[in-house]
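J.: Here's my sequence, what's the structure:
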Amino acid sequence: MSKIIDKLAATLQRNKIAVGSIRSDLDAIREQRAALVLERSAVENARIDHEEAVVRIDAMLDAAARGVDWSDSLLVSATPVSNLGERFAELFSITVMGLPSGATVVRGADKTLGAICAFIPAARASMREALIARASAAGTRNGISAVDRAKKLADLDAEILTLERAEERYIRTAAEVGIRLARRADAAAAAFLAHDEDL
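T.: Numbering: from 1, shown residues only. Modelled structure (predicted):
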């Protein structure tokens, strides 16, 4: 009887070691995935480059001009046109560095900005120049281009999906031998709904 118990104990010990090894491998995959998710977030939120900053500034000024209600009365400031650009860049809290790729360049812009862009071309040009200078000062010369950002994000998404599929393979393989491993709450549907042959 004691031989049977010893044999059973040895089998259980081997199973315990095997389960621990499987969990350890799964944790390693999850840690790699978590690191890539953090890297993806850093790329997504990296500061834009100078070229993209200029494109956004032009788009913002164009949008402001298009949004003018021509029936509104316009109060023209006595501020010289040469100072308007810097004054409005400060007034509207223009922020160019560190924005995610889908964010807007200006916060707090209103009808006044649109009216200036629409009615005073010299003031718009001065404001554009001031905004571009602020973008340069904010470090956009060292930023990431929209093309490079999109490529890096696509590459990271592919790597993340590869790891998520490997994770799902481990979970299913373990289940086949009676070892139940929990999926992450945020497990990707593309992985856990995939057919076995797609993993």
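J.: what's the average pLDDT for the helix or strand harbouring Thr162?
T.: Using DSSP states H and E, Thr162 maps to helix 146-176. Confidence over helix 146-176 (mean pLDDT, whole number) is 92.
J.: Counting by contacts, list what that helix packs against.
T.: On a contact count with 3 or more C-beta pairs under 8 Å, 6 or more residues apart in numbering; DSSP states H and E, helix 146-176 meets helix 2-44, helix 189-192. Every C-beta, even on glycine, is put in place using the N, C-alpha and C of the backbone.
J.: Would you single out the least confident of the ones you listed?
T.: Ranked by mean pLDDT, the helices and strands packed on helix 146-176 bottom out at helix 2-44, with a mean of 77.
J.: what is the orientation angle of the next helix or strand along the chain from that one with helix 146-176?
T.: Next along the chain after helix 2-44, taking DSSP H and E as the criterion, comes helix 50-66. For helix 50-66 against helix 146-176, the angle by axes from the mean of the first three to the mean of the last three C-alpha atoms, to 10 degrees is 100 degrees.
J.: which residues sit in contact with Leu181?
T.: Contacts for Leu181 were tallied using C-beta atoms under 8 Å, 6 or more residues apart in numbering; they are Ile22, Arg23, Leu26, Tyr170, Ile171, Ala174, Ala175.
J.: do that again at 10 Å, thanks
T.: Shown in contact with Leu181 (C-beta atoms under 10 Å, 6 or more residues apart in numbering): Val19, Ile22, Arg23, Leu26, Glu167, Tyr170, Ile171, Arg172, Thr173, Ala174, Ala175.
J.: again, but for Ala35
T.: Counting by C-beta under 10 Å, 6+ apart, Ala35 makes contact with Ile160, Leu163.
J.: All set now, cheers.
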